[in-house]
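Visitor: Show me how the following folds:
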Amino acid sequence: MISKTRADPPAPGGSGTVPAAERDDEMAAATGKSGRATRIPLWANPRIGLTVVLIALVVLFTALRPAFLNTRLTLVPMQADISVYAVAGLAQLSVLSLGHMNMAVGRMAAMSAFAAGLAHDRLGTPLIVDLLIGMAAGALLGALAGLLIARTGVNSFVVTLALDFALVGLVSLLYSRFTNGVAFPRLPAGMSDLRYSTMADYCAGNLCGPPIPLVVPVALAAALAVGLLFRWSRLGREILMTGANGKAAQLSGIPVRARVIQAHALSGLLAGLGGFLLAANGGAFSASIGDQFLLPSFLAPVLGGTLLAGGAVSVLGTMLGATITQVIYKGLNLLQFPIDQLKLYIGLVLLVALSLDRLRHVVAERRGVRP
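Guide: Residues are numbered from 1 along each chain as shown. So this is what the prediction gives:
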């Protein structure tokens, strides 16, 4: 899986990019320092730091509550939750690559789940078709947001926030119209397996799979696809170049407006996938899907090393960030923190984690290391 992908700035007036090594040499000539770079030490790698934090949290919560390692009570549900919020993080990562934000990621998930639920309720479509319809609905909403941003030049925060408010009302109206305000009564065949079954329930002779929920491979496949997109495809590299320097990207012949629309469409598509997985975990296509997506969708990629300014993404870091967030939530929940205190402590722990990560970046920059 791709850990971190960073765009090298395009050469104005050309179609190629400036290799990182050449840029380092130019910087070295200007500063008198050695630009060939310094190999990144382990302490400067954000993924290593997140892994250490994750291990420490697991050890701490296990020591305080041994039930933290109980497979059915804790580990299986937590893996399912991690899968959902990791996909939500990937949806946000897709637009963070441009330096944009998607404030409507939760509502896109809700609309996608509604489209999937309506298709099955009225047409009796199978599970895979429902999933594709939901993802298509999310992609269309994302493309709409990207089109408005590209055509008007209005900040992505404003456009997607306005879209979020519009979709709040629309989702409520649609559920009132088609289901009398309740969840869809019927679920596609196989959706209950996504909710309750694990790989351990499927055996070949005496050999059974591990206790991993069936939604986990879906999230891993999404992460792999996004990682490959940003690492190896021309589209992904051009989106990152647009995020790094939009004007330079345009001068290099990159269709900047199209890349903005495509990145937002990808964000909507992944939000739709996250909404479907959340519906599978909860056992219903309901209007409340996606209500809790916004904060975790930012925390996962930002904790993982994705830049808010655009131009760099970290898919592996996003997966680790989502895992840490859910480990903290589950651990504090097992310690029986009241819900209001639970949110407070999660916020404080994550604030400390972000502060420590920023401190690590500052130390790395002062030592001439590029994390």
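
Visitor: Next, the contact list for the spatially most central residue of the chain, please.
Guide: By CA atoms, centre = their mean, the mean C-alpha position of the chain lies nearest to Gly89, the distance being 1.7 Å. By CB atoms under 8 Å, 6 or more residues apart in numbering, the contact set of Gly89 is Pro296, Ser297, Leu299, Ala300, Pro301, Gly304, Thr318, Met319, Gly321, Ala322. In this view, the C-beta of every residue, glycine as well, is placed from N, C-alpha and C.

Visitor: how about a cut-off of 10 Å?
Guide: Residues near Gly89 by CB atoms under 10 Å, 6 or more residues apart in numbering: 82, 96, 105, 223, 270, 274, 293, 296-304, 306, 315, 317-319, 321-322, 325.

Visitor: Strands along the chain, start to end?
Guide: For the chain, the strands defined by DSSP state E cover 5-6, 203-204, 207-208, 312-313.

Visitor: list the contacts for Ser172?
Guide: Ala110, Gly181, Ala287.

Visitor: Residues touching stretch 161-169, excluding its own?
Guide: By CB under 10 Å, 6+ apart, stretch 161-169 touches 101-111, 141-142, 144-145, 148, 154-155, 160, 170, 174, 287, 290-291, 294.

Visitor: Only the buried subset of the residues you listed, as a PyMOL command please.
Guide: Entered in PyMOL, the line below selects the buried ones among these, by 16 or more other CB atoms under 10 Å:
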select buried, resi 101+102+103+104+105+106+107+108+109+110+111+141+142+144+145+148+160+174+287+290+294
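
Visitor: The contacts of stretch 161-169 in helices, which ones?
Guide: Judged by DSSP state H, the contacts of stretch 161-169 include 105-111, 141-142, 144-145, 148, 160, 170, 174, 294 as members of helices.

Visitor: And for Ile339, the neighbour number?
Guide: Ile339: 8 surrounding residues under other CB atoms under 10 Å.

Visitor: Quick check: closest non-adjacent residue to Ser192.
Guide: Leaving aside its chain neighbours, Ser192 sits nearest to Gly283 (7.2 Å; criterion: CB to CB, 6 or more residues apart in numbering).

Visitor: contacting residues for the one you found?
Guide: Contacts of Gly283 by CB under 10 Å, 6+ apart are Ala183, Leu187, Met191, Ser192, Leu194, Arg195, Tyr196.

Visitor: from what I can see the third one touches Ala279, true?
Guide: Yes. The pair Met191 and Ala279 qualifies as a contact (CB atoms under 10 Å) at a distance of 7.8 Å.

Visitor: Next, show the common contact partners of those two.
Guide: Between them, Met191 and Ala279 share the contacting residues Ala116, Asp130, Leu131, Phe285, judged by CB under 10 Å, 6+ apart.
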